[in-house]
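Asks: below are the sequence and a predicted model; questions follow.
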Amino acid sequence: MKNYKMYIGGEWVESLSGESFETKNPFTGEAWATLPRGNADDANRAVAAAQRAFEDGEWASMTASQRGQLLRRLGDLIADNVDVLAKTEVADNGKLLAEMRGQVNYLPQYFYYFGGLADKVEGGVLPIDKKDTFTFTRYEPLGVCVAITAWNSPLLLAVNKLAPGLAAGNTFVLKPSEFTSASALEFAKLVEKAGFPAGVVNVVTGFGLEVGEPLVNHPDVQKIAFTGSEMGGQKIYEAAARNLKKVTLELGGKSPNIVFDDANLDNAVKGVVGGIMAATGQTCVAGSRLLVQESIHDEFVDKLLAFASTAKMGDPMLSTTQVGPVTTPQQYQKILDYIAIAKDEGAICRLGGKASTAPECGNGLFVEPTIFTGVHNKMRIAQEEVFGPVLSIIPFKDEADAIRIANDSLYGLAAGVWTQSMRRGLLMSEKLQAGMVWVNMYRAVSYMAPFGGYKRSGVGHENGQDAIYAYLKTKSVWFSTALHTPDPFVLG
Ligand code: NAD
């Protein structure tokens, strides 16, 4: 059993209450580490450390180029420690080692990219419409930012926030999900090793209501960057509004993956299965609604079932496994409940539809890859986020019908389109109400491209050059070059 400590003000500490909690491996079902159970006192301690680091000391006096250098050093250290970070994530969230390795391997790029951007934030001299006046803009960091993350891609979600936010000169308190906190503490070891001054990055562990909420409510916190459920996002938005704090909210989705009759069907099958079965469907951008053009519906469904039924469940550490366990018991129950709801609503279960207790599934909580046909877009299974390997297939007639069904959702995170027509791909990319549209591909993300949701899927964006401005405030500075101040009663 490993015993982790939190990282606050450059020190490794227990919670002030002395309480801790266990984290379990979703495949073995066994607790493998203990973590400090933080509360409001720990939140206060972490914010105070971050505030101190922001206001004075080494970090506050660093140039943007020096900050960029530190970020790049951290990127190098992550690259040297991919294996330990990825294995820690698998132990906590049960996702495939291959996927977590791929994700962690990619994280250094975020630090290189935003580290490079740190000293390229330029204000402007404005050609102002007033005589004898010199006006320019400057960008300034916000101060203490709180990053709160979900359990499905723990480090990626944290890095999406920390890389641009640190590049901009802020300090952070990171609160990872209570289900997957260990990798954030492994990451904090690298932050320390890279030489970040004490208090610039703090990691507190514990539960949302016990330590997350006090962080969100803390008066010295300027911004909350949150990834999680719609309900969690609403609570945080409300709390932030009371103090008019800035927020970025990355929330859930019910993303459509749309297959037209002119698509390369073999490619589309792979994209559809990858979009919903990869990560056991526990991904915000899961393509959980499959819209298939009526003229190819039966042919495509047959191909899809043939391919999806070969998916191998099992130990996420094995390279042969394609579908791992569900991360938490709550999520497992939720998925099974939605399968029951779909059946009650009259959807036809064509694959899976139940939990798996096959020997290769060990003690893990496994749900078989599940596919429903006969789904109507008004059904709950087509409207509500399941966050599991459950696909609902909805037929459509033509482009207009596909657009209508796809957009008939409270969410708008992502959408996929499969077609060989350039015109159709461009039309759909324009008409679909989603923050990311993929044509003839699915589930691609990059530090270079904005990521964020329309409608109830979120507020603001992460990634891409603009992400750094989500951690900066703009100031206009005015100089008079006139010898005499004009008449004070006339605004000039
Ligand atoms: P969640 O909302 O239950 O928890 C997310 C985080 O918020 C956790 O760290 C939790 O401890 C904390 N939290 C909960 N209530 C809080 C409160 N009142 N104050 C402060 N902190 C609080 O979400 P989850 O179950 O961990 O994650 C799954 C959800 O995340 C899904 O809906 C998924 O779509 C979404 N998600 C979105 C993205 C995206 O980028 N859009 C990415 C991954 C996951």
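Replies: Great, that's in hand.

Asks: ok, the helix or strand where T474 lies: who's next to it in the sheet?
Replies: T474 is part of strand 472-480 when elements are defined by DSSP states H and E. Sheet pairing for strand 472-480, assigned by DSSP bridges, gives strand 133-141 (antiparallel).

Asks: residues of the strand it pairs with that come out buried?
Replies: 139, 141 (16 or more other CB atoms under 10 Å). The way it works is simple: take the backbone N, C-alpha and C, and place the C-beta from them, glycine included.

Asks: please compute how far it lies from its chain's middle.
Replies: 32 Å (CA atoms, centre = their mean, to the nearest Å).

Asks: outside of it, which residues touch it?
Replies: 54, 121, 123-126, 128, 168-170, 469, 471-482 (CB atoms under 8 Å, 6 or more residues apart in numbering).

Asks: cool, stretch 461-471 as well?
Replies: Contacts of stretch 461-471 (CB under 8 Å, 6+ apart): 114, 117-118, 121, 139, 141-142, 145, 160-161, 164-165, 167-168, 170, 223, 225, 246, 248, 250, 435, 445-452, 460.

Asks: what do you get for stretch 479-492?
Replies: 130-135.

Asks: just those residues now: which is nearest the ligand?
Replies: For these, the closest approach to the ligand (CB to the nearest ligand atom) belongs to T135, at 37.6 Å.

Asks: distance of the closest residue to R380 other than its chain neighbours from the ligand?
Replies: Leaving aside its sequence neighbours, R380 sits nearest to I341 (CB to CB, 6 or more residues apart in numbering; 5.4 Å). Separation of I341 from the ligand (CB to the nearest ligand atom, to the nearest Å): 17 Å.

Asks: now do the phi/psi pair for I341.
Replies: With angles defined as degrees, to the nearest 10, I341 sits at phi -60, psi -40.

Asks: wait, doesn't it sit right on A382?
Replies: No. Between I341 and A382 there is no contact under CB atoms under 8 Å: 10.9 Å.

Asks: more neighbours: which of those two?
Replies: Legend: neighbour count by other CB atoms under 10 Å for I341 and A382, higher for A382 (24 against 15).

Asks: the more buried one - that's part of a helix, no?
Replies: Yes. Secondary structure of A382 (DSSP: H, G, I helix; E, B strand; the rest coil): part of a helix.

Asks: got the contact list for the residue of the stretch 1-150 of the chain found nearest the ligand?
Replies: Proximity of the stretch 1-150 of the chain to the ligand (CB to the nearest ligand atom) peaks at A150, 3.1 Å away. With contact set as CB under 8 Å, 6+ apart, A150 has these partners: 157, 177, 227-229, 284.

Asks: need the pLDDT of it.
Replies: At A150, the model reports a pLDDT of 97.

Asks: so what's it closest to, chain neighbours aside?
Replies: Using CB to CB, 6+ apart, the nearest residue to A150 is G228, at 4.5 Å.
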